[in-house]
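Q: Next comes the sequence, and after it the predicted model I'd like to discuss.
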Protein chains: 2
Amino acid sequence: MIGFEYHNPTQVIFGKGTVPQIGPAARAYGKKALFVYGRRAIKETGLYNRVMDSLRKADMVVVEHPGVKANPVLSHARAGVKLAKREKVDVIVAVGGGSVIDEAKAIAAGAVTEADIWEFFEFHTEIEDALPIVTLLTICGSGSEMNSGMVLTNEEKLAKFGLRAPPLFPKISILDPTVTFTVPPDQTAYGAVDAFSHVFEAYMAREDLDTPIQEGIMETLMKTVIARAPQAIEHPRDYNARADLMWVSSLALCGITFSGAGPLSLPCHMIEHALSAIHDMAHGEGLAIIMPGWMRYMASKKEEAMKKLAQGVFGVDTVREGIEALEKWLSSINCPVRLSQVGIGASEIPKLAQNAYALAQVWELSDSYTPEVIEEIFRLCI
Amino acid sequence: MIGFEYHNPTQVIFGKGTVPQIGPAARAYGKKALFVYGRRAIKETGLYNRVMDSLRKADMVVVEHPGVKANPVLSHARAGVKLAKREKVDVIVAVGGGSVIDEAKAIAAGAVTEADIWEFFEFHTEIEDALPIVTLLTICGSGSEMNSGMVLTNEEKLAKFGLRAPPLFPKISILDPTVTFTVPPDQTAYGAVDAFSHVFEAYMAREDLDTPIQEGIMETLMKTVIARAPQAIEHPRDYNARADLMWVSSLALCGITFSGAGPLSLPCHMIEHALSAIHDMAHGEGLAIIMPGWMRYMASKKEEAMKKLAQGVFGVDTVREGIEALEKWLSSINCPVRLSQVGIGASEIPKLAQNAYALAQVWELSDSYTPEVIEEIFRLCI
């Protein structure tokens, strides 16, 4: 086992009917909340009213910051910081998926400093403090509700950066699987693929393969996603399927999966970021294309880990069969597994590779992921 | 999945060579430490000196409270409270196994209140605060280094009570597997059985068996103990075996195993406490006898869970084969699996059952565990 530090102070409140706990949870951290949410969904489903009721019953003063986009952008987060400062809020309440929670984290950190928040991302200015964050999760996948990470896009610089900092752990995250009953099939699938990919990348990144605890936990999480995603897509109100997808998503990046097996590295995410930066597609959709291609490239280089995946997760013998099984599962939940399925041809590869290589330098993966390697991986995704 | 709350704020620092981090870890919580430890082991192995060096280098003032017994007793904990108050220590540093850490928790809670610590146990006086606790684990099994529980024996009343309270989570726990290289074979085995039993009881207590995440995690932990315990006993300096036993022990009761599968219930522990209260034996030794007997009693009542254990953990088909496989593993690490092996005959059963039933009433298990049921279980342990 590799040495590690594990620390995850987020309190999780999980289960049917936990939505009304958002008010008391926020009230534990102050009287005035900045309520951060997205664009339409929570108003359409009635969740907005349930959250407002709970906050008001808990005697909270609520300042609203709606309109967070998928792939949250710097300008909108900056507006949130300004509002949080002007209104002197005590706590940030984030109701949404990973994008909403990530932007809420950026606002929480920005509200207690004079520095501009982009400095955290581009110049590694340390985040020493943040307002307390309370979340209510509506779309599973990113795991942001139970970790200290956030991703933000600087739309002027066309740069999408991520970071982790201990003050960004949500204090309390409320996970009510029934809230996800209304998530449509495609978003359910993309979220499932995102959660799967977080475990998959950690599984593949292991520096020590003699790590049965981590291996077993990760195989369990991957097998659960594989089984539950089709169920949730076919029966959107299947509680156990929704609950398992939700809890897997949170556990996948909470730190428990890879602690002891080596540091986490996310090359498929890196390559995917280039793809969805240039083409309008969901993160999970892009990952579904990149993972099998990356596996074909790595088949001989990470043969032992690949074989373990084939046998431990898909119940097949060889690396080739493992890749086929992954593609079969992804296809079964209507995800594309080739670039050609989303209309991207070989001619676009140099541009995609260039974008990904720029990220590789930021992510400190450029030693292994040269432009040539990335191009080759993209070619294996055609 | 069953609704749950999960919160575990303990920071774990795990790995080879982490002992010197004890000083800075304690220093983060103040200047003056109460150093709680046991009787001989840490002086014999030189660990005492390494800890003192680290504390002194971190500029700590150290007050010592040695002499914690296996199954820590109230009088000694009270003496620790008195010392902590008199010396106005800022932080408790516990270096030892579960007994040392449990007593350190009692002292930490007692040091910040006027109430006598036994009131927490017998009269459910709430623990609202405690001094910060930093631990360095030397014997695996109890899991106390990563949870909020403690067990203490009132030697006057012959009562052994346990409780959980959020302020008792250690702030930082240092887990260096090399520290356990010197743990002798019998204690290694008993610790492994204790860790196994924590998972086993949670696995069996499940109210919802359609919980693949929890099931897979628990099966992984049990299978890891089964594989690693014999290796650590045969090769005491096998790092990966020691590391896996250590991390399993911590994860086993950290909350992640049973969250979502129903509340934890520990009937085998309850029955074992009666056994080791009356007979001089290690907790893990007693558990090795009780678990198979309890399984024989429950075979038809919890058939589905038993079958899952047989198939998922031991790779055999039937409940009977599962029980045999458990006994075979326990025997292979030189644990007794029958009362007769430790010289206890049928004539002692009424007294043992009476003691266990008294515990059942305290543990709120007396509806299912009547004196007759407990006697029957003991008979199946003969």
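A: Good, I have the coordinates. Numbering: from 1, shown residues only, chains lettered A, B, ... in the order given.

Q: just so I have it, where are all the strands in the stretch 251-382 of chain A?
A: Taking DSSP state E, counting those that start in this stretch as the criterion, the stretch 251-382 of chain A carries no strands.

Q: I'd like to know which residues of it are adjacent to chain B.
A: A:251, A:256, A:259-260 (Cβ under 8 Å from any Cβ of the partner chain). All C-beta atoms are positioned from the backbone trio N, CA, C, and that covers glycine.

Q: Closest to B:Y6 out of these?
A: Using Cβ to Cβ, A:L251 is the member of those that lies nearest B:Y6, at 9.9 Å.

Q: residues touching the closest one, list them.
A: Residues near A:L251 by Cβ atoms under 8 Å, 6 or more residues apart in numbering or on different chains: A:146, A:221, A:257, B:213, B:256.

Q: circling back to that earlier point, need the residues of the stretch 251-382 of chain A next to chain B in CSV with pLDDT, can you?
A: Output for those, formatted as CSV (pLDDT from 0 to 100):
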residue, pLDDT
A:L251, 98
A:I256, 96
A:S259, 96
A:G260, 96
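
Q: Angles on the backbone of A:H198, please.
A: phi -60, psi -40 (degrees, to the nearest 10).

Q: Return the residues in contact with it.
A: Per Cβ under 8 Å, 6+ apart, neighbours of A:H198: A:143, A:252-253, A:257, A:266.

Q: Give me the subset of the residues you listed that lies in helices.
A: A:A252 (DSSP state H).

Q: ok, the residue nearest to the spatial centre of chain A - contacts?
A: Nearest residue to the geometric centre of chain A (Cα atoms, centre = their mean): A:S142, 1.8 Å. Taking Cβ under 8 Å, 6+ apart, we find A:S142 in contact with A:97-99, A:101-102, A:191, A:194, A:249, A:253.

Q: if you set the cut-off to 10 Å instead, what comes out?
A: A:S142 makes contact with A:97-102, A:149-151, A:191, A:194-195, A:198, A:249-250, A:252-253, A:283-284 under the criterion Cβ atoms under 10 Å, 6 or more residues apart in numbering or on different chains.

Q: Shouldn't A:A70 be within a helix?
A: No - A:A70: not assigned to a helix; according to DSSP: H, G, I helix; E, B strand; the rest coil it is coil.

Q: sorry, back to before: would you format the residues of the stretch 251-382 of chain A next to chain B as TSV with distance to A:A26 included?
A: Below are these laid out as TSV (distance: Cβ to Cβ, whole Å):
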residue	distance to A:A26
A:L251	24
A:I256	27
A:S259	30
A:G260	35
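
Q: buried subset of those?
A: Among these, those buried by neighbour count (16 or more other Cβ atoms under 10 Å in any protein chain shown) are A:251, A:256, A:259-260.

Q: Up against chain B, what does the stretch 51-200 of chain A have?
A: Within the stretch 51-200 of chain A, the positions near chain B by Cβ under 10 Å from any Cβ of the partner chain are A:146, A:166, A:169, A:171-173, A:175-177.

Q: where does A:V95 land in three-state SS?
A: Relying on three-state DSSP, one would call A:V95 strand.

Q: Check the burial of it by counting its neighbours.
A: 29 (other Cβ atoms under 10 Å in any protein chain shown).

Q: Chain B versus that one, what's the distance?
A: 19 Å (Cβ to the nearest Cβ, to the nearest Å).

Q: From A:L136, how far out is that residue?
A: Distance check for A:V95 against A:L136: by Cβ to Cβ, to the nearest Å, it reads 5 Å.

Q: before we move on, what about A:Y369?
A: As defined by Cβ to Cβ, A:Y369 lies at a distance of 37 Å from A:L136.

Q: circling back: just the contacts of A:S142: which are in helices?
A: A:98-102, A:191, A:194-195, A:198, A:249-250, A:252, A:283-284.

Q: Quick one: the helices in the stretch 151-300 of chain A, in order.
A: For the stretch 151-300 of chain A, the helices defined by DSSP state H, counting those that start in this stretch occupy A:185-205, A:212-234, A:239-252, A:267-278, A:283-298.

Q: Which single strand of chain A contains the most residues?
A: Longest strand in chain A by number of residues (criterion: DSSP state E): strand A:4-14.

Q: Pairing partners for it, with directions?
A: Applying DSSP bridges to the sheet, strand A:4-14 is found paired with strand A:172-175 (parallel), strand B:4-14 (antiparallel).

Q: Mind listing what's buried along that strand?
A: Result for strand A:4-14 [16+ other Cβ under 10 Å]: buried residues A:4, A:6-8, A:10-14.

Q: what do you get for stretch A:15-24?
A: Residues of stretch A:15-24 classed as buried: A:15, A:18-24 (neighbour count, 16+ other Cβ under 10 Å).

Q: ok, the residues you listed vs B:R78, which is closest?
A: Nearest member of the buried residues of stretch A:15-24 to B:R78, counting by Cβ to Cβ, is A:P24, at 36.9 Å.

Q: Relative to chain B, which residue of the stretch 51-200 of chain A is the closest?
A: A:P177 (7.6 Å; Cβ to the nearest Cβ).

Q: Looks like that residue contacts A:K16 (just checking).
A: Yes - A:P177 is in contact with A:K16 according to Cβ atoms under 10 Å; the separation is 6.9 Å.

Q: coming back round to it: narrow the buried residues of stretch A:15-24 to those in helices?
A: A:22-24.

Q: Show me chain A divided up by domain.
A: Domain assignment for chain A by automatic domain parsing gives A:11-178, A:183-379.

Q: In TSV, list the ones you listed along with distance to B:S340.
A: Output for these, formatted as TSV (distance: least, Cβ to Cβ, whole Å):
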stretch	distance to B:S340
domain A:11-178	45
domain A:183-379	34
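
Q: With adjacent residues omitted, what lies nearest to A:A58?
A: Nearest residue to A:A58 in three dimensions, chain neighbours excluded: A:G23, at 3.1 Å (Cβ to Cβ, 6 or more residues apart in numbering or on different chains).

Q: Could I get the contacting residues of the one you found?
A: A:33, A:50-60, A:62, A:93, A:134.

Q: Please report how far it lies from chain B.
A: If you go by Cβ to the nearest Cβ, the gap between A:G23 and chain B works out to 16 Å.

Q: Then A:V36?
A: 23 Å.

Q: List the beta-bridge partners for that residue.
A: With DSSP bridges as the rule, A:V36 is bridged to A:H65, A:A94.

Q: Neighbour count for A:Y369 and A:L136, which is higher?
A: Neighbours were counted for A:Y369 and for A:L136 using other Cβ under 10 Å; A:L136 has more, 30 against 20.

Q: where's that one, which helix or strand?
A: strand A:133-137 (DSSP states H and E).

Q: same question for that strand, mean pLDDT?
A: In this model, strand A:133-137 has an average pLDDT of 98.

Q: partners of that strand, with directions?
A: When pairing is defined by DSSP bridges, strand A:133-137 lines up against strand A:91-96 (parallel), strand A:172-175 (parallel).

Q: Now do the longest one: distance to the chain's middle.
A: It stands for strand A:91-96. With Cα atoms, centre = their mean, to the nearest Å as the basis, strand A:91-96 stands 16 Å off its chain's centre.

Q: Just the CA trace of that strand, in PDB.
A: C-alpha atoms of strand A:91-96 as PDB (Å, rounded to 0.1, in the frame of the first residue of the first chain):
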ATOM      1  CA  VAL A  91     -23.400  30.500   4.200                       C
ATOM      2  CA  ILE A  92     -23.700  29.300   0.600                       C
ATOM      3  CA  VAL A  93     -26.600  27.000  -0.200                       C
ATOM      4  CA  ALA A  94     -26.000  25.100  -3.500                       C
ATOM      5  CA  VAL A  95     -28.900  23.200  -5.000                       C
ATOM      6  CA  GLY A  96     -28.000  21.500  -8.300                       C
END
